[in-house]
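Colleague: With the sequence up front, the predicted model follows.
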Amino acid sequence: MTKKFKPEWEKKCWGAVQHIFADAEGPAPAAALSKLQVDAGWRCSRHLHEHRYNLFSMTLGVLVIEGWELLSLVKTTTVLQPGEVLVVPPMVVHRFRVVRPGSLVELYWSDNSWQDCSMDDIVRFDVGGRDEEITSLDLRRVGL
């Protein structure tokens with residue numbers, strides 16, 4: 001039997017998110033899909049997921065995604081433009097910074113077959129907010 005539903009948009013400091021699978025009734029899904037609208041000059045919290053992979057698929061705009069490996073604390077910086085995809089594995093601290101406004105899709109799935117893809121699987125280290133640095137970022141330095 002098919003089921004039609006309309007997930008609500010949740011306001012965030014950096015824009016808005018619509019959790020597609022997370023709003024479906026029943027047990028937690030094996031994967032989760034969210035749509036994001038992002039505003040330039042904002043960033044999300046620095047966080048990690050213990051069991052979830054986090055795939056970012058950019059459709060419009062530009063993000064800078066920063067990641068820190070837990071054991072080494074080595075920082076990586078990735079510029080994500082329309083048509084590009086980035087996968088962040090579980091236990092990698094990461095955040096996105098919005099360079100140009102736009103939209104993207106996030107896909108989550110678990111790192112093991114017995115673990116549901118819970119939207120509660122997030123450990124935050126700070127809070128998102130205005131990103132003064134990103135507005136003055138030298139875009140040529142990051143390949144734009």
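Modeller: Arrived safely, thanks for sending.
Colleague: Ile134 in helix, strand or coil?
Modeller: Classification of Ile134 using DSSP: H, G, I helix; E, B strand; the rest coil returns helix.
Colleague: How about it: what's its closest non-neighbour residue?
Modeller: In space, not counting the residues next to it along the chain, Ile134 is nearest to Arg97; the distance is 4.6 Å by CB to CB, 6 or more residues apart in numbering. C-beta: built from backbone N, CA, C; applies to glycine.
Colleague: Also Pro101?
Modeller: Counting by CB to CB, 6+ apart, Ala40 is the residue found nearest to Pro101 once chain neighbours are left out, at 4.6 Å.
Colleague: pretty sure the one you found contacts Val99?
Modeller: Yes: between Ala40 and Val99 a contact is recorded at 6.5 Å, counting by CB atoms under 8 Å.
Colleague: between those two, what contacts are shared?
Modeller: Both Ala40 and Val99 are contacted by 61, 134, under the criterion CB atoms under 8 Å, 6 or more residues apart in numbering.
Colleague: More neighbours: those two, which one.
Modeller: Val99 (23 against 17; other CB atoms under 10 Å).
Colleague: packing partners for the helix or strand containing that one?
Modeller: For Val99, the enclosing helix or strand under DSSP states H and E is strand 92-110. Applying 3 or more CB pairs under 8 Å, 6 or more residues apart in numbering; DSSP states H and E, one finds that strand 92-110 makes contact with strand 31-38, strand 42-43, strand 47-48, strand 52-69, strand 75-80, helix 132-135.
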